[in-house]
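> 3D model of this:
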Amino acid sequence: MGGTESKVGFRRAIVNLTGRTNQTIDTSDDAFWDQFWSGTVNNISDIFALVTADDIHTLREESPANFMTLIYKAVEKLDSSVIAGPSMSLSEQAIVLNCVRLLTRLIPFVFESEEWRSFFWSKNSIDLEESLHGESCGNAPLAQILLKKLSDLLFCPDFTIVAPATVGPDTLEDFSIESIQHIWEKGVGFAYSRKTPPQIDSNRTEILKLLLTCFSETMYYVPSDSSQPNLWLSYFTSIENKHALPLFTSLLNVICAYDPQGYGLPYQHVMFSDHREQLVEVSAQVLMVILDHESASMQSIDEKSTPTNYFTYFLSRIHREEDFHFILCGLIKLLNNPLLQTYLPNSCKKIGFHEELLVLFWKMCDYNKKFLFYVLKTSDVLDVLVPILYYLTESRNDPGKVGLMHVGVFILLLLSGERNFGVRLNKLYLTRVPMDLPIFTGNHADLLILVFHKIITCGHHRLQPLFDCILTIIVNISPYLKQMCMVSSSKLMHLLEAFSTPWFLFANHTNYHLVFFLLEIFNNIIQYQFDGNAHLMYSIIRKRHVFHQLSNLPEDPTTVSKPSRKRTDQEAEQQMFSNDEWQPSKEWVASWRKKLPLQTIMRLLQVLVPQVEKICIDKNLTDESEIITFLQNGTLVGLLPVPHPILMRKYQPNAATSVWFRRYMWGLVFLRNTAPPIWCETTIKLFEVQKM
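Coordinates of the predicted model:
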């Protein structure tokens, strides 16, 4: 009954506040304002249920002074609690949590209104010197005060960290937040493991969710304006945040040290609650958002320049192999978690934040090249590759997973820009992960090619912009592929056959790029890895008419008729690439037709086709395995043109991909935080929200 009565009392206070549209309540009326955080409402779901979106809109529009005061008084309570520090009582901790929950509820509605967005950065709305301990804060904007207090609260003894036994009210002056001993979890920069009570993890989670809410102002800008500075992130990632280093290492270590399986007992997640999972998920989201802030400026940081984002700076400075090992093993363990197969159905806990993990892995490889080289140094990179390919295969037909598809492909493009990645792909693929792919026996390169073929031929039509990237990845790895299997060789040949038809080439002004990529793949393998790729040579010989058709491609587009209404599957697939407004010309065809890199392939056919035909006639061969054996023993030394230099195309970030990534990232955060629905009841402008 007590809990119900307290909720009724809290709701009555909200109704009372929203009803005073013509009355400004004095900021010094503590008895009134304390109703909103001194009750026994003990979870964020109750706050969201008792403070409705209509209540907040009414308060913001009809009683702006009271809305402003409510926010200020909540921040004031946080401020006084931070000053209390290690001496906070349980009741004071409950007040802090209710203030955090209430601010999490209110702030999105501040961002929603253009007139209110400057509210947190205004210095003259209320006399802060009197109400918010002006001695320490001066006349700083409310946003800076709030971020500083939240940062302090994340390292508050007995609230968000396990206090050393020596810390108490009498030793408060000697208590140092910046000490290495206050990092949350063992890992980078901290070698000691400590047991953390569930309540401390819960407190951390609630404060991090409020931080995420503070950073979310970007959601309320249209995409064209989303790249303008986010003042919340700029301040939090600057030198002004004295907790940047311990917080960065805490977030990173909490993520990488998390083990969803615990003791490995079947159905353990059903019998016991996992208080750590929520903290890990929100930590990944906060770190992801922080690392994306002013990411372009990271490209020019040197030893002497002052970082604009200290979190990305700290990430770029990690260099110890034991730290790299900890990070990589932690990410591999979590990325492979959804792939776990057991004899007992649903006996293993499966995490759902693999998209955030992929983004973090991408950022780590992009910002810390030493980490990227460490990843590629051993075959551990294949333990990252397999789950990425699994996610790509599973998500290829889901329009809601187009963002995940882009991130996965961008990661592979980043990795493929390094020689070691192509070399590692030659390792045999022995671990069988359930994927919708043809049965094959081969290496990881075969797996990658089969997945990419499936995406191109059976994926959602919104994935078409990725095809250039997909083929670029195969181009990058092709000079190092020592032995492709027959299945992947046939699929690669099938792509060329589909993309080289005249109708397809003339249907769009960029379609011919795909043929150039595929021809470059074949040329690289012929020039650099001929000896081990008899299966691919056999596929080329079998489909030699494709190359002859390309070399005799008509220059007059008007002679090529479009397919009839009864199209084959291949023609239906090509229809997606057509542009009815595009009218090719003879000059346009001639401009790229003469550049088709067919010389090496045509020379190979000129040498091998007569040999294969002769041996088939002489020995009456009908089995392709014997022809492949013959090709394995053949050589083209001295018969091919001089090998061309290997060209590696590396991932290059640009303004367009930055805007796209920011939309994807915040869309991901939006979807992950629907219980409670932090942003669902506000008008988002960065991306479209379809309400059911």
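
> For residue 646, grab the count of nearby residues.
Other residues within reach of residue 646, judged by other C-beta atoms under 10 Å, total 15. Where C-beta positions appear, they are placed from N, C-alpha and C, glycine not excepted.

> Report whether the expected contact of it with residue 525 is present.
No. Residue 646 is beyond contact range of residue 525, at 11.7 Å (criterion: C-beta atoms under 8 Å).

> Please enumerate the shared neighbours of the two.
With contacts defined as C-beta atoms under 8 Å, 6 or more residues apart in numbering, the residues shared by residue 646 and residue 525 are residue 479.

> Can you pull out the low-pLDDT segments for this protein?
1-3, 39-40, 83-87, 123-138, 164-181, 262-272, 295-304, 341-347, 561-580, 692 (pLDDT under 70).

> middle-most residue in it, spatially?
residue 359 (2.5 Å; C-alpha atoms, centre = their mean).

> surely that one meets residue 665?
Yes. The pair residue 359 and residue 665 passes the contact test of C-beta under 8 Å, sitting 6.6 Å apart.

> ranges for the helices of the stretch 451-600 of the chain?
Under the criterion DSSP state H, counting those that start in this stretch, helices of the stretch 451-600 of the chain are mapped to 467-477, 486-499, 502-505, 512-528, 534-542, 544-551, 569-575, 586-593, 599-619.

> what do residue 359 and residue 665 both touch?
For the pair residue 359 and residue 665, residues contacting each of them under the criterion C-beta under 8 Å, 6+ apart are residue 288.

> quick one: contacts for the nearest residue to residue 67 once chain neighbours are set aside?
If you skip the residues right next to it in sequence, residue 67 has residue 59 as its closest partner in space, 4.5 Å away by C-beta to C-beta, 6 or more residues apart in numbering. Listed by C-beta under 8 Å, 6+ apart, the contact set of residue 59 reads 17-18, 66-67, 70.

> which one in this protein is furthest away from the centre?
Most distant from the centre of the chain: residue 618, at 58.1 Å, with distances by C-alpha atoms, centre = their mean.

> what about it, distance to residue 611?
In this structure, residue 618 and residue 611 are separated by 11 Å, where distance is defined by C-beta to C-beta, to the nearest Å.

> cool, residue 525 as well?
In this structure, residue 525 lies at 19 Å from residue 611, with C-beta to C-beta as the measure.

> and if you look at residue 359?
Separation of residue 359 from residue 611 (C-beta to C-beta): 51 Å.

> Could you do residue 433 as well?
Residue 433 sits 40 Å away from residue 611 when distances are taken as C-beta to C-beta.

> what do you get for residue 439?
Counting by C-beta to C-beta - residue 439 and residue 611 are separated by 31 Å.

> More neighbours: which of the two?
In this view residue 439 and residue 611 are compared by other C-beta under 10 Å, and residue 611 has more residues nearby, 13 against 6.

> Now do the contacts for residue 252.
Residue 252 sits next to 187-188, 287, 327 when contact means C-beta under 8 Å, 6+ apart.

> biggest separation within the residues you listed, which pair?
Spatially, the most separated pair among those is 187 and 287, at 13.2 Å (C-beta to C-beta).

> that older thread, check the gap between the residue farthest from the centre of the chain and residue 639 for me.
Look at residue 618 and residue 639: by C-beta to C-beta, they are 21 Å apart.

> how many other residues sit next to the closest residue to residue 482 other than its chain neighbours?
Closest residue to residue 482 in three dimensions, ignoring its sequence neighbours and counting by C-beta to C-beta, 6+ apart: residue 532, at 4.4 Å. The burial metric for residue 532, expressed as a neighbour count using other C-beta under 10 Å, is 14.

> and if you look at residue 92?
Neighbour tally, residue 92, other C-beta under 10 Å: 15.

> Also residue 8?
For residue 8, the tally of surrounding residues (other C-beta under 10 Å) stands at 12.

> begin at 24 from here
Noted, 24 is the first residue going forward, which turns the last one into residue 31.

> Am I right that it falls within a helix?
Yes. Secondary structure assignment (DSSP: H, G, I helix; E, B strand; the rest coil) places residue 31 inside a helix.

> dump the residue contacts of it.
Applying C-beta under 8 Å, 6+ apart to residue 31 gives no contacts.

> Okay, the residue farthest from the centre of the chain and residue 608: tell me how far apart.
Counting by C-beta to C-beta, the gap from residue 641 to residue 608 is 49 Å.

> ok, now residue 27?
Residue 27 sits 77 Å away from residue 608 when distances are taken as C-beta to C-beta.

> More neighbours: which of the two?
Under the criterion of other C-beta under 10 Å, the comparison of residue 27 against residue 608 puts residue 608 first, with 13 against 8.

> Which helix in this protein has the most residues?
Ranked by number of residues, the top helix in the chain under DSSP state H is helix 113-135.

> could you dump that one to CSV, C-alpha only?
What follows is helix 113-135, C-alpha atoms only, in CSV (Å, rounded to 0.1, in the frame of the first residue of the first chain):
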residue,chain,number,x,y,z
LEU,A,113,20.7,5.7,1.4
SER,A,114,17.9,8.2,1.4
GLU,A,115,20.2,10.8,-0.2
GLN,A,116,21.1,8.2,-2.8
ALA,A,117,17.4,7.6,-3.5
ILE,A,118,16.9,11.3,-4.0
VAL,A,119,19.9,11.5,-6.5
LEU,A,120,18.4,8.6,-8.5
ASN,A,121,15.0,10.2,-8.7
CYS,A,122,16.6,13.4,-9.9
VAL,A,123,18.5,11.5,-12.5
ARG,A,124,15.3,9.7,-13.6
LEU,A,125,13.3,12.9,-13.8
LEU,A,126,16.0,14.7,-15.8
THR,A,127,16.1,11.7,-18.2
ARG,A,128,12.4,12.2,-18.7
LEU,A,129,12.5,15.9,-19.2
ILE,A,130,15.6,16.7,-21.3
PRO,A,131,14.3,15.2,-24.6
PHE,A,132,11.4,17.6,-24.4
VAL,A,133,13.8,20.5,-24.0
PHE,A,134,15.7,19.4,-27.2
GLU,A,135,12.5,18.9,-29.1
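
> And that helix, how far out from the chain middle?
Averaged C-alpha coordinates place helix 113-135 at 28 Å from its chain's average position (C-alpha atoms, centre = their mean, to the nearest Å).

> Mind giving me the packing neighbours of that helix?
With contacts taken as 3 or more C-beta pairs under 8 Å, 6 or more residues apart in numbering; DSSP states H and E, helix 113-135 sits against helix 67-73, helix 76-85, helix 87-107, helix 165-176, helix 221-238.

> Off-centre distance for stretch 129-143?
For stretch 129-143, the distance from its own C-alpha centre to the chain's C-alpha centre is 27 Å (C-alpha atoms, centre = their mean).

> That one: which residues count as buried?
With burial defined by 16 or more other C-beta atoms under 10 Å, the residues of stretch 129-143 counted as buried are 129-136, 142-143.

> Also stretch 422-432?
Going by neighbour count (16+ other C-beta under 10 Å), the buried part of stretch 422-432 is 424-432.

> Likewise for stretch 66-79?
When burial is assessed from 16+ other C-beta under 10 Å, stretch 66-79 yields the following buried residues: 67, 69-71, 73-74, 76, 78-79.

> now stretch 492-507
Judged by neighbour count using 16+ other C-beta under 10 Å, the buried positions of stretch 492-507 are 492-507.

> about what we covered before: what two of the contacts of residue 82 are the furthest from one another?
Across the contacts of residue 82, no pair lies farther apart than 41 and 93, at 10.5 Å, counting by C-beta to C-beta.

> For the stretch 224-373 of the chain, just list every one of the helices.
In the stretch 224-373 of the chain, the helices defined using DSSP H, counting those that start in this stretch lie at 254-259, 267-280, 291-294, 298-315, 333-340, 344-358.

> wait, what's in contact with the residue nearest to residue 167 when sequence neighbours are not counted?
With C-beta to C-beta, 6+ apart as the measure, residue 258 is the residue that lies nearest to residue 167, at 5.6 Å, once sequence neighbours are left out. Residues in contact with residue 258, defined by C-beta under 8 Å, 6+ apart, are 166-167, 170, 264.

> Between all of these, which two are at the greatest distance?
Maximum pairwise distance among the contacts of residue 258 (C-beta to C-beta): 12.7 Å, between 166 and 264.
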